[in-house]
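Trainee: Quick one, structure for this:
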Amino acid sequence: MRQITDEKQIEYWLDKGNICNCFDTPDLVFQVCRYEKGEYITVPDIQMDKIIFVVEGTVQIYGIREDGSLSPVNEIVSPTILGDLEFPNQEITPLFTEAKTPTVCLSLSTQEYREQLSCDLRFLHTLLRSYADKLKFLSSAETMTTTLEERVLLYMKNVCPLHEINGIETAIFKLRCSRRQLQRVLKKLCDNGAVKKTGKGRYQLIT
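Mentor: Got it, this is the predicted structure:
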């Protein structure tokens, strides 16, 4: 992780992320950090004392089960907000957030600005929109379909460019399943003629 201190660079990222339009509070001081692929942005058991705006890059969010296996939650392309769910009750995050690509984040201390932010109507509306987006994702992933097979087909039909999975790792984060589970379902769908394998980690929906 490398902190960016150049004022022109900070202004550039604030403008690119349209961050100032998320607040009524004036003169907020942001930190800008660049993360390389594989670096952690948040880790469990540490209190979230900041709001993080991911303005460039892709991040993976996941937990670790008791047996040490990975529990995917989501893979998100910028722009997105981290720390929004933890802000109201100053909670500890249970999840890892890892940069999948080179990623740029702007962070704002919620310890320093909590009183102002709690009365900042535009900021609170920003949090509500972020909550709604995350709730929509969870609802579509869990209530619109009942089985992983159904989720895979829906994902390939409505999300994947050209209706093709190109890379198992991305798919397991979007579908929130294990690699073994996804490979088992894809094999079944191939056997049934609903999907065809087009290369290593590549599967095409047959329409």
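Trainee: List the beta-bridge partners for the residue positioned nearest the centre of the chain.
Mentor: Residue closest to the mean C-alpha point of the chain, counted by CA atoms, centre = their mean, is residue 76 at 3.2 Å. Beta bridges link residue 76 to residue 59, judged by DSSP bridges.
Trainee: From residue 115, how far out is residue 159?
Mentor: Look at residue 159 and residue 115: by CB to CB, to the nearest Å, they are 41 Å apart. Using the backbone N, CA and C atoms, a C-beta is placed for each residue, glycine as well.
Trainee: Please say which of these two ends up with more neighbours.
Mentor: The neighbour comparison of residue 159 against residue 115 (other CB atoms under 10 Å) goes to residue 159, with 13 against 9.
Trainee: how many neighbours does the closest residue to residue 50 other than its chain neighbours have?
Mentor: Nearest residue to residue 50, sequence neighbours excluded (CB to CB, 6 or more residues apart in numbering): residue 107, at 4.5 Å. By other CB under 10 Å, 18 other residues sit near residue 107.
Trainee: Pull the contacting residues for the residue nearest to the centre of the chain.
Mentor: 54, 58, 59, 61 (CB atoms under 8 Å, 6 or more residues apart in numbering).
Trainee: If you rank those residues by neighbours, which is first?
Mentor: Busiest of these [other CB under 10 Å] is residue 59, holding 26 neighbours.
Trainee: Quick check: bridge partners of the residue nearest to residue 50?
Mentor: Where residue 107 sits in a bridge, its partners, by DSSP bridges, are residue 31, residue 52.
Trainee: mind checking how far it is from residue 155?
Mentor: Distance from residue 107 to residue 155, by CB to CB: 31 Å.
Trainee: now residue 130
Mentor: From residue 130 to residue 155 the distance is 22 Å (CB to CB).
Trainee: what do you get for residue 199?
Mentor: From residue 199 to residue 155 the distance is 18 Å (CB to CB).
Trainee: now residue 201
Mentor: Counting by CB to CB, the gap from residue 201 to residue 155 is 15 Å.
Trainee: where along the protein do the strands fall?
Mentor: 2-4, 31-35, 40-42, 50-56, 58-64, 70-77, 80-82, 96-99, 103-109, 164-166, 195-199, 202-205 (DSSP state E).
Trainee: Out of those, which gets the lowest mean score?
Mentor: With a mean of 81, strand 70-77 has the lowest mean pLDDT of the strands of the chain.
Trainee: Any buried residues in that strand, and which?
Mentor: Within strand 70-77, the residues that count as buried by 16 or more other CB atoms under 10 Å are 72, 73, 74, 75, 76.
Trainee: how close does the nearest residue to the third one once chain neighbours are set aside get to residue 31?
Mentor: The one in question is residue 74. Counting by CB to CB, 6+ apart, residue 74 lies nearest to residue 61, which is 5.0 Å off, once chain neighbours are set aside. Counting by CB to CB, the gap from residue 61 to residue 31 is 21 Å.
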